[in-house]
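1. Generate a structure from the sequence data that follows.
(one chain, ligands or ions: 3)
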Amino acid sequence: MRPENAHALSTWRDCPVSQQPAYPDAEAVADVVADLRDRPPLVFAGEVDQLRTKLAEASRGDAFVLTGGDCAETFAESTAVRLRLKIQAILQMAIVLTYGSSMPVIKMGRMAGQYAKPRSSDMETIDGVTLPSYRGDAVNEFTFTNTAREPDPRRLIEMYTRSGTSLNLIRAFTRGGYADLRLVHQWNKGFTSNPAYKRYEELAAEIDRAVRFMAAAGAQFDAMSSVDFYSSHEALLMEYEAAMTREDSRTGCLYDTSAHFLWIGERTRDPEGAHVALLSQVANPVGVKIGPSTREDDLKALIDRLNPDGIAGRLTFITRMGADRIGDVLPGLIDAVRRDGRPVVWVCDPMHGNTTTSATGYKTRDFATIMREVHQFFDVHAAEGTVPGGIHVEMTGDDVTEVRGGADTIDDERLAERYETRVDPRLNHQQSLELAFQLAELLQAHPVAERHRSAMTEDLRVF
Ligand SMILES: O=C[C@H](O)[C@H](O)COP(=O)(O)O
Ligand SMILES: C=C(OP(=O)(O)O)C(=O)O
Ligand SMILES: [Mn+2]
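-> Ligands and ions are numbered 1, 2, ... in the order given. All right, here's what the predicted structure looks like:
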């Protein structure tokens with residue numbers, strides 16, 4: 001590595017850092033880091049650049065971002081079946097959103113690396129026993145014993161291995177014919193044939209007509225059966241992300257090769273902190289989670305650090321305000337960014353500001369509240385004349401019961417049926433599709449899609 005890159009890569013070490021595991025053995029950490037440094041990259045700089053270009057389109061309203069996946073991936077569930085169901089659900093959502101937005105949808109998983117979690121509290125108490133909190137499979141084990149909860153750096157190697165095998169499967173599924181539009185469309189027909197989802201029939205029928213029209217017009221479905229699917233996770237564990245950062249042989253720039261897209265969480269987004277310092281040095285597109293306490297000055301400081309040159313597609317703000325706060329807080333923040341002038345992609349995370357506890361003691365969220373935040377996100381952008389660039393949700397392809405509501409009503413009692421998440425509640429497969437259908441209806445009437453549809457009409461006239 002060039003000396004100037006090696007220096008740039010170490011600057012985070014002089015900054016305050018939060019949410020790191022308290023490893024008992026520093027030497028074991030150094031051994032793991034040395035091992036990781038010698039391993040091949042998980043993603044390639046060219047793919048990362050391609051994603052940045054697509055995100056630049058999203059910042060202008062010419063593409064729409066869909067990010068979905070678990071709050072916390074686990075090693076045990078990084079299996080072919082679980083991954084396939086998740087990819088399937090994301091592709092199903094993507095088709096519906098492509099139709100609703102009349103735009104290409106950038107498909108991204110909170111997958112193949114989402115193994116580390118920031119926590120509100122360092123310790124957890126159960127029945128009078130206090131132990132370190134679970135921080136994701138990359139750090140410690142969920143089981144509530146002293147040994148299990150002790151952070152073990154060797155888990156970083158397992159994180160690398162699991163990320164690699166997951167990515168391999170993602171590439172196989174999304175390039176090997178599994179993403180064929182006709183197949184994904186058939187899956188969606190299965191969803192809307194259920195009477196519980198009757199209200200989506202009309203939109204599903206419209207999509208069906210569009211697919212038939214494409215077939216009649218001679219669309220080359222086989223040629224379209226491979227899609228670009230990107231990996232993303234929270235860049236939380238400094239030693240891991242730094243060890244995975246490499247110099248690109250083509251350009252000499254640094255890339256964090258642990259995923260295509262990395263984001264900084266709400267708890268670690270201090271503009272002077274280590275997480276921002278590390279990601280300021282890499283060329284990947286990066287995101288920052290923005291909660292309701294964010295000040296306009298914070299955004300300016302984050303843009304100064306993470307996108308000083310105003311490269312389109314480089315920086316995404318993922319807002320997670322809560323349905324009760326977004327209407328008050330978001331307009332001022334949008335205005336501050338507009339006045340700054342450097343481009344960002346605005347993405348809505350309607351999950352993290354809407355977490356609550358059920359009467360039965362489960363950490364949960366309400367489908368209706370999630371949708372209320374989504375609606376306001378799009379309303380605020382319509383009112384401000386800015387671009388709502390995408391959606392970021394915690395979801396799974398399984399029929400879990402973690403979020404309340406949806407047409408197949410999950411109530412407090414039903415949460416116990418299949419509550420499997422290790423940290424935050426996820427939309428199940430059906431709820432994810434419901435969200436996609438409702439969002440597509442919303443997008444159809446939104447200025448961001450209308451502008452696109454009129455541009456498409458122009459193209460057709462030329463045709
Ligand atoms: O996923 C986000 C955070 O890690 C999570 O919401 C923190 O949850 P906690 O408040 O239970 O620690
Ligand atoms: C930790 C997360 O979110 P936030 O940083 O917005 O709380 C998350 O996305 O799981
Ligand atoms: Mn979460």
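
2. Could you list the low-pLDDT ranges of the protein?
-> Applying pLDDT under 70 to the chain picks out residues 456-463.

3. Next to ligand 2, which bits of it? Give me the list.
-> Residues of the chain lying close to ligand 2 (CB under 6 Å from any ligand atom) are 71, 118, 234, 265-267, 289, 320, 352, 424. Yep, even glycine has a C-beta here, placed from its N, CA and C like the rest.

4. By neighbour count, which of the residues you listed wins?
-> Using other CB atoms under 10 Å as the neighbour test, these are led by residue 234, with 28 neighbours.

5. how far away is the residue nearest the centre of the chain from ligand 3?
-> When CA atoms, centre = their mean is applied to the chain, the residue found nearest the centroid is residue 67 (3.9 Å). Per CB to the ion, to the nearest Å, residue 67 is found 12 Å from ligand 3.

6. Surely that residue forms part of a helix?
-> No - Residue 67 is assigned strand when assessed by DSSP: H, G, I helix; E, B strand; the rest coil, not a helix.

7. wait, isn't it in contact with residue 392?
-> Yes - between residue 67 and residue 392 there is a contact under CB atoms under 8 Å: 4.2 Å.

8. Pick out the residue of the stretch 301-450 of the chain closest to ligand 2.
-> Across the stretch 301-450 of the chain, the shortest distance to ligand 2 (CB to the nearest ligand atom) belongs to residue 352, at 4.1 Å.

9. ah, wrong one, I meant the chain
-> Closest residue of the chain to ligand 2, CB to the nearest ligand atom: residue 265 (3.0 Å).

10. Make TSV out of the residues of the chain next to ligand 2 and add distance to ligand 1 and secondary structure.
-> Below are the residues of the chain next to ligand 2 laid out as TSV (distance: CB to the nearest ligand atom, whole Å; DSSP: H, G, I helix; E, B strand; the rest coil):
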residue	distance to ligand 1	secondary structure
71	5	coil
118	5	coil
234	8	strand
265	7	coil
266	8	helix
267	8	helix
289	9	strand
320	9	coil
352	6	coil
424	5	coil
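
11. near ligand 3, from the residues you listed?
-> When these are checked against ligand 3 using CB under 5 Å from the ion, the ones in range are 71, 424.

12. Which single one of the residues of the chain next to ligand 2 is nearest to residue 78?
-> Nearest to residue 78 among those, counting by CB to CB, is residue 71 at 14.5 Å.

13. got the residues of this structure near ligand 3?
-> Within the chain, the positions near ligand 3 by CB under 5 Å from the ion are 71, 424.

14. Show me which residues of the chain sit near ligand 1.
-> Counting by CB under 6 Å from any ligand atom, the positions of the chain adjacent to ligand 1 are 71, 117-120, 352, 423-424.

15. Closest one of those to residue 293?
-> For the residues of the chain next to ligand 1, the nearest to residue 293 is residue 352 (12.8 Å; CB to CB).

16. Was I right to think the closest one contacts residue 266?
-> Yes - under the criterion of CB under 8 Å, residue 352 makes contact with residue 266 at 7.1 Å.

17. okay, and the common contacts of those two?
-> 289, 291, 320 (CB atoms under 8 Å, 6 or more residues apart in numbering).

18. so can I have JSON lines of those residues showing distance to residue 151?
-> Listed next are the shared contacts of residue 352 and residue 266 as JSON lines, based on distance: CB to CB, whole Å:
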{"residue": "289", "distance to residue 151": "23"}
{"residue": "291", "distance to residue 151": "26"}
{"residue": "320", "distance to residue 151": "26"}
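
19. The stretch 1-150 of the chain: strands as residue ranges?
-> Counting by DSSP state E, counting those that start in this stretch, one finds strands in the stretch 1-150 of the chain at the ranges 64-69, 105-110, 123-126, 129-132.

20. what does the second one rub up against?
-> Read that as strand 105-110. With contact meaning CB under 8 Å, 6+ apart, strand 105-110 is reached by 51, 54-55, 58, 63-71, 73, 86-87, 90-91, 94, 97-98, 170, 174, 227-233, 260-261, 390, 392, 394.
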